[in-house]
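*Asks:* For reference, the sequence and a predicted model appear below.
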Amino acid sequence: MASPRPPAVAMRGIHKRFGAVQANQDVDLTVPAGTVHGIVGENGAGKSTLMSVLYGFYAADAGDIAIDGQPLRIASARDAIAAGIGMVHQHFMLVDDFSALDNVLLGAEPHWQLPRARAALRARLDALMAQTGLAVRLDRPVAQLPVGERQRLEILKALVRGARILILDEPTAVLTPQETDQLFGVLRTLRVQGTTILLITHKLREIMALCDAVTVMRAGRVVLDTAVADTSVDALAQAMVGRRVNLGRDAHAAQPGAALLRAEHLTWRDALGVPRVDDVSLALHAGEIVGIAGVSGNGQSELLELLSGLRAPQQGRLNLGGQTFEPGHWLDPRRARALKLAHVPEDRHARALVMDFPAWESAVLGYHRWPAFCRRGFMRAAAMRDATVAMMQGYDVRPPDPGLSSRKFSGGNQQKLVLAREAWAQPQVLLVGQPTRGVDIGAIEAIHARLRALRDAGGAVLVVSSELDEVLALADRVIVMNAGRIAGERPVALCDETTLGRLMAGLGTTEAAHA
Amino acid sequence: TPAVVYDLGGKFDKSFNEAAYRGAERWKQETGKTYLDFEIANATQREQAMRRMADRGANPIVGVGFSQGSTVAKTAKAYPKLQFAIIDDVVDLPNVQSILFKEHEGSFLVGMMAALASKTGKVGFVGGMDIPLIRKFQCGYAQGARHANPKVEVLAAMTGTTPAAWGDPARGGELAKAQFAKGVDVVFAAAGGTGVGVYQAAKDAGKLAIGVDSNQNHLQPGTMLTSMVKRVDVAVFNAFQGVKPGVSALGLKEGGVDVAMDEHNAKLVTPEMKAKVDAARADIIAGRIQVVDYMAKNACPI
Amino acid sequence: MHDGDALPRWMDLLLLPLINLTLAMAVAGLVVWGVGQDPWQVLTLLVQGAFGSRSGIGYTLYYATTFVFTGLAVAVAVHGGLFNIGAEGQALMGGLGAGLVALWWSDALPAPLMLPLMVLAAMAFGAAWAAVPGALQAWRGSHVVITTIMFNFIASALLAWLMVNVLKEPGNMTVESRAFADSALMPGVHVLLGALGVDWPATPLNLSLLLAVAAAVLVWLYLWKSGAGYALRTVGFSPSAALYGGIAPAGGIVSAMALSGALAGLVGVNEIAGVHGRLLLDFVAGAGFAGIAVALIGRNHPLGVWAAALLFGALYQGGAEIAFEVPGFSRDMVFMLQGLIVLFAGALSHLAAPWLLRLLRMARPREVAHG
Amino acid sequence: MDELQLGALIASSLRMATPLVLCALAGVLSERAGVIDLGLEGKMLMAAFAAGAAGAASGSFAVALAAALAVGVAMSMLHGWGCVTHRGDQVVMGMALTLTAGGLTVVLGLAWFELGGQTPPLPDALRLRPLWAVDPATLPAGLRGLALALGSHNALVYGSFAAVAAVWWLLYRTRFGLRLRATGENPAMVDAAGVSVAGMRYAALALNGVLAALAGLYLVMALNASFSPNMTAGRGYMALAAMIFGKWHPVGALAACLLFGFLDASAIQLQGAALPAWLGGGEVPVQAIQALPYVLTVVLLAGFIGRSRAPAALGRPYVKAR
Ligand SMILES: Nc1ncnc2c1ncn2[C@@H]1O[C@H](COP(=O)(O)OP(=O)(O)OP(=O)(O)O)[C@@H](O)[C@H]1O
Ligand SMILES: Nc1ncnc2c1ncn2[C@@H]1O[C@H](COP(=O)(O)OP(=O)(O)OP(=O)(O)O)[C@@H](O)[C@H]1O
Ligand SMILES: [Mg+2]
Ligand SMILES: [Mg+2]
């Protein structure tokens, strides 16, 4: 692959920080012209941020960029576009009630009069669609297009601008295998024509199939940078998931008891009718921790919201605390708590805490109507503070100051506080989403210990995490989700990172592959 | 020192309040003494203004406009030692002089002139707020028009039912235009600040208009046929000189109302028009013509 | 949202509003100076007029009472995440409510029954007039800002129609209802003080003042001590967290608006029962919009609202006084200042924050801990 | 109601609708770019004052026009500085502009002209007169009403209709319009496409200022002959209502404005008129007619008569984040 030309993209020592999160840390990235370069990494590893920096969407805190050997200051997307960079963003950048054509038109108008501009661009698009086989109904409002077609539209948008350097951030996440193959065909021809392509994906098979070289990121840093020829899916899965520390599992295995929660054939479709949770059935038994592994965006979040009553499915039924719920009358958070089901949501900033409340007010959210905290319509401030202090001590929340604004606690301490609150109610069923996202090691171990304690006290715990080693460290039973369905389920004893990595990446298990 | 409290619309409404203002100014020039005045910004302020004047020992205190009636009554009760005057309303208290005008008499005369000047035989009336006082204008106007030309058609419209109707030139203009469309070629506006819009419309459409309260002939020379002047200035001046408790009604005889003749409308007023008007004035003063006062029976013969 | 770089509480709650206020004052001062008046003289006159005499103080407190009601109204809505521009119309309706019961029963009922009845009626009417937009927002998603504006106009039209066609006293040319019987008149403070042997000049200041104090205390209790208040503030800060906590945002929105409207409605008591003793058209006179500025300056806290209301009461009273003293000066100066305050304390509220932070950093460098 | 009266009523409706149309178009432009404009009332008022004051002082139409435009645009730029640059709350910002304008105009008016906040009446040279004088009498029956209704207007009345076409063309037929609409729907996308969101919003506000200024000019030079305090009398909000009622579309807004103008005109002319017997007689409830536009708008907003969808990003300051 080594080409005489200078590298198309050369990023050096890129740093990017969001508030307290270090999204990119001293990242180097070199991509020879006319090659396809893959970037993989766990959720939050910093892939999109890095690409957004290259595209001028975010300004890096430090580091410099050279395009085709020329040092370049990319202050805005305009500069990037001028430098021949095009990007397909991870999250759709479309106006729903514009026609597909107008969406492509925006910012790339060949003429200041729309009718002419449309005509001119339509011609080019038709040619491009014919050539690439990426079909999009140009006159439909985007709102009426299925997700796959929107993704194709995004790709056309980038291509029609004639980008010499094309960034694709998880373009295949919502494409069918056939569509994906089509896309890859296009990308290959582009490569032949000399276009340089950066591809972000969670599907390792795609890397192997298409890329010349691959960079693996973790926690904002580059952990591996190699030619695809010299690596393998398993090696990548290893590097991606990594082993931060060995959060050793505790010795004694669980003795699952009666089923405390049983869900059958849950199906939830989004506004576009796409099933995000697809016929999922599962049971949680007393005294076990069930882990749900999977790349985020494969339906785990929605499943969690269904089970906690934040969302009602179109199909399926749920048994909890001797009651049965069906789409007509679904569970709601208040009832759930009454039935001793507690929920630590994924997004603690938006849901679990009221950031502007002092800790002692956030610490009763959801239980504020319980007699412990509310008598004759009035809040019992003293009781609330005492309870909060107790929670903070019990879960080692720092600083142990109930008066501090919830916002001011670090991510990990916020998480500990939420966990403490949900444990306070002594639930029988505990649903936990991303227990340790953005949390440092010390906090992680503490949190894991608490979850195990809850299990050993006879509770049923469901943990959803996009960090595999966490699932492996915690769960007694592992469920892997992919594309809204249950891709596999097995006791943790029979799990190894490679198998799970493959299941998550949507490849069958090794056996299946060999068979 | 005397004091005057103008009503909503302000002392520069080119009409009612402005007349009062001129009276006060004249008093100031002739006596060389100063006076206090205040323009209220909203209903809530009326009482505060009055009391404020009273507290500063102002005496007498003149309230301009019927809407000050209840306030004057309140304040006069609270300050029995001070003298008050109220214009256009009756407050029955020993220390209050209530000054009324026989607007119907003046309106009668301008009504005549309107009918005489009209070529289409249709004359219009635009009132401000729909209240008995304004109907009084309208009724006198209609009687005068009929007196001059029995076949004349009188179209009347009121601007509104709330005080806003006193200061809405745009509406006034629209009302006038509507009447012009129906063939009216002389319009009398008894509508305070709203009148300005009426006169403007008349000018734009090349019709004649009649002013009210102050002599407004100068506003649109060539368009203003005349003005039904209501000598509020005289009333204020006299009140400043000294308040005579009780009700006093000023008509043609007392020189309280009249038609304005000056260089601005000289060209518009023909000699025989003038002659007829002077005759009618004499007859009214002599009682040979009885002009019906709408407010007397809350009804108009026409 | 700027996370780490937040100002210390006292700066945020005290210094910033003061700075914004000063900025507004400064700009207003420029205008005053520009039109050839001496800003300093105007300011001194303003202060004297507001606090220089006992009657001045009386008027100041009377205006403040009204602004406390509208200020609290806006503030309560804000805590529910709503921007209620409708206090003006809600106050009108409150006055209508108070007026109607007074016209119907003031001859029959004694004051101890009549006055509470009027207060309740005022609150009920105001609440109803605000609850409708609230409900439309909660269940139909129609933006409460727009609907409340519309309701202001509808309210004034409705009142005008009622006054002209139904309530207007026959014979009287002014558009005002007949005077209520004495039982419907909120006792003036000077009367009570007189009864206690204290001689106090007659001002419109009436017992509604106590109502305003009570309202502030109750609002404080409601917002920060009651379960309903807890739910309301949760909805206001984060609807998604409210859902998670089993709080239905819709209910919070409607109740917030209703309470807001009830508070605004109390303006009717201060003006109609307290001062005029009869129903008239334009007794709110912009107090509803002033409430927005009051709430912004008062940082939506009852205590702050009271402080800001006093400030505005002083501005209105002082402004009126200036109109007496300085020829060619009108109280519109105060309306302008009011607008500028909304500008600097509302839209540009954090104009000064970066500077303050820099000063702070210089004062004590790098201290933001890292967990 | 005969031909002439009908003609007069329609003519009056158009005169009343004109400032609403201009203002509503101003609203369409800024809100389509994602900036709520509660400042219309204030912008119109300030521009009206500028036109009145400059006109009276200079006696020159050009000066008056320039003053109005300058002030209108300046107000809009202040608006942008607060909402776009400083990301202040757009609703509060609009209120601030309106409240300030209400006070400032009177203060300056008092100080400069001492006419109780009014400006001196403008000389005829500065007034917008009907383009041609129509005397219905001279026309054959059947044409009179028509002539009166459509032929008796000044340049700005016809201009406002042209403005509707122009704004429609700008929004739906030009690159600028495409970008402007996208800015109100999905700023992040506009940014990613290499177009400055702030730039688009400032541009939209500038045009918004121009149109609001013309509306103010019309009040002073056509509807009245001088500036008087708070002469906008809520027209800014009425225009906002019309814009919403017209679903943020120039033509829709025009239709709404015509409806509102008609209601306004008929409210004026029906003042004191008697209801027909089959409506129970009695006086026409003018206040009801006046309140109708607001009631209709609320009903529409509540989705009881069709839905009116605001631009997706309306009211949200643009910050780079997801
Ligand atoms: N605009 C932003 N504001 C605040 N934090 C952000 C922003 N964008 C990214 N982050 C944070 O930076 C870190 C890296 O985010 P990024 O999107 O680059 O990860 P990623 O590798 O793309 O993850 P994924 O695979 O889920 O797309 C995450 O912790 C994320 O929460
Ligand atoms: N939004 C915020 N506002 C104010 N201070 C903050 C905010 N976020 C973080 N901090 C402060 O910055 C420090 C670092 O925050 P961060 O969330 O990165 O903690 P951390 O290093 O991840 O530790 P942990 O593992 O506990 O999350 C915290 O201790 C907290 O005091
Ligand atoms: Mg990403
Ligand atoms: Mg952290």
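*Replies:* Here it is on my side, so go on. Residues are numbered from 1 along each chain as shown, chains lettered A, B, ... in the order given. Ligands and ions are numbered 1, 2, ... in the order given.

*Asks:* Which residue ranges of the stretch 1-150 of chain B form helices?
*Replies:* B:16-31, B:45-55, B:69-78, B:103-117, B:132-148 (DSSP state H, counting those that start in this stretch).

*Asks:* Compare the ones you listed and give me the one nearest D:V298.
*Replies:* helix B:45-55 (32.5 Å; CB to CB). Heads up, the C-betas are built off the backbone N, CA and C, glycines and all.

*Asks:* Now that closest one: average pLDDT?
*Replies:* Throughout helix B:45-55, pLDDT has a mean value of 84.

*Asks:* Tell me the buried residues in it?
*Replies:* B:45-54 (16 or more other CB atoms under 10 Å in any protein chain shown).

*Asks:* And chain D, is that helix touching that?
*Replies:* No - Helix B:45-55 does not reach chain D (CB under 8 Å from any CB of the partner chain); its nearest approach is 14.7 Å.

*Asks:* and that helix, what does it pack onto?
*Replies:* strand B:3-6, strand B:36-39, strand B:61-64, helix B:69-78, helix C:302-325 (3 or more CB pairs under 8 Å, 6 or more residues apart in numbering or on different chains; DSSP states H and E).

*Asks:* Which of those has the highest mean neighbour count?
*Replies:* strand B:61-64 (a mean of 30; mean count of other CB atoms under 10 Å in any protein chain shown).

*Asks:* which helices and strands sit right next to the host helix or strand of A:G148?
*Replies:* Using DSSP states H and E, A:G148 maps to helix A:147-160. Counting contacts by 3+ CB pairs under 8 Å, 6+ apart, helix A:147-160 packs against strand A:85-88, helix A:100-105, helix A:114-132, strand A:165-169, helix A:177-192.

*Asks:* Mind checking those for the one nearest to ligand 4?
*Replies:* strand A:165-169 (23.9 Å; CB to the ion).

*Asks:* Would you list the strands that that closest one pairs with, along with their directions?
*Replies:* Using DSSP bridges, strand A:165-169 pairs in its sheet with strand A:85-88 (parallel), strand A:196-200 (parallel).

*Asks:* in the longest helix seen in chain D, what's buried?
*Replies:* Determined from DSSP state H, the single longest helix within chain D is helix D:3-32. Neighbour-count burial for helix D:3-32, counted by 16+ other CB under 10 Å, picks out D:3-4, D:6-32.

*Asks:* Show me what it is packed against.
*Replies:* Helix D:3-32 makes packing contacts with helix B:169-181, helix D:40-58, helix D:144-151, helix D:155-173, helix D:175-185, helix D:197-218, helix D:235-245, helix D:250-269 when contacts are defined by 3+ CB pairs under 8 Å, 6+ apart.

*Asks:* okay, B:N42: pLDDT?
*Replies:* Looking at B:N42, the pLDDT reads 68.

*Asks:* An error on my part: the question was meant for A:L339.
*Replies:* Looking at A:L339, the pLDDT reads 93.

*Asks:* Tell me, how many residues neighbour the closest residue to it other than its chain neighbours?
*Replies:* Of all residues not flanking A:L339 in the chain, A:G321 sits nearest, at 3.7 Å (CB to CB, 6 or more residues apart in numbering or on different chains). Applying other CB atoms under 10 Å in any protein chain shown, we find 15 residues neighbouring A:G321.

*Asks:* same thing with C:L113?
*Replies:* Using other CB under 10 Å, C:L113 has 12 neighbouring residues.

*Asks:* would you list the buried residues of helix B:45-55 in CSV and tack on distance to D:A54?
*Replies:* Listed next are the buried residues of helix B:45-55 as CSV, based on distance: CB to CB, whole Å:
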residue, distance to D:A54
B:Q45, 31
B:R46, 35
B:E47, 39
B:Q48, 36
B:A49, 33
B:M50, 38
B:R51, 41
B:R52, 36
B:M53, 37
B:A54, 42
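
*Asks:* and the two most separated of these?
*Replies:* The widest separation within those (CB to CB) is 14.5 Å, between B:Q45 and B:A54.

*Asks:* Helix or strand: which one has the residue of the stretch 151-300 of chain D found nearest ligand 2?
*Replies:* Nearest residue of the stretch 151-300 of chain D to ligand 2 (CB to the nearest ligand atom) works out as D:A188 at 22.3 Å. Element membership for D:A188 (DSSP H and E) is helix D:187-192.

*Asks:* got it, and A:L260?
*Replies:* Residue-wise, A:L260 maps onto strand A:259-269 under DSSP H and E.

*Asks:* for that strand, packing partners?
*Replies:* strand A:275-285, helix A:300-308, strand A:315-320, strand A:460-465.

*Asks:* Could you say which one of those comes nearest to A:L365?
*Replies:* So among those, helix A:300-308 is nearest, using CB to CB, at 13.7 Å.

*Asks:* Could you tell me which residues of chain A lie near chain C?
*Replies:* Residues of chain A lying near chain C (CB under 8 Å from any CB): A:19-20, A:310, A:332-334, A:337, A:343, A:345, A:347, A:350-357, A:361, A:365-366, A:368-369, A:374, A:377-379, A:381, A:398, A:407, A:409-410, A:412-413, A:440.

*Asks:* which among those end up buried?
*Replies:* A:310, A:332-333, A:337, A:343, A:345, A:351-357, A:361, A:365-366, A:368-369, A:374, A:378-379, A:407, A:409-410, A:412-413.

*Asks:* Please render the strands paired with strand A:165-169 as CSV that adds distance to ligand 1, mean neighbour count and mean pLDDT to the earlier fields.
*Replies:* Listed next are those as CSV, based on distance: least, CB to the nearest ligand atom, whole Å; neighbours: other CB atoms under 10 Å in any protein chain shown; pLDDT from 0 to 100:
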stretch, distance to ligand 1, mean neighbour count, mean pLDDT
strand A:85-88, 13, 26, 92
strand A:196-200, 7, 25, 94
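
*Asks:* so which of those strands gets nearest A:T49?
*Replies:* Of all the strands paired with strand A:165-169, it is strand A:196-200 that lies closest to A:T49, at 10.9 Å by CB to CB.

*Asks:* And for residue 127, the neighbour number?
*Replies:* Answering for chain A, as no chain was given. So A:A127, with other CB under 10 Å, has 11 neighbours.

*Asks:* could you do chain D instead?
*Replies:* 20.

*Asks:* Verify the stated contact: A:A283 with A:A258.
*Replies:* No - counting by CB atoms under 8 Å, A:A283 sits too far from A:A258 to count as a contact (9.8 Å).

*Asks:* Same drill for these two, tell me which one is more crowded.
*Replies:* Comparing A:A283 with A:A258 by other CB under 10 Å, the one with more neighbours is A:A283, at 17 against 10.

*Asks:* For the stretch 401-515 of chain A, which segments count as strands?
*Replies:* A:429-433, A:460-465, A:477-482, A:485-491 (DSSP state E, counting those that start in this stretch).

*Asks:* Averaged pLDDT, the longest one. What do you get?
*Replies:* If I follow you right, that is strand A:485-491. 88.

*Asks:* Alright, I will stop here.
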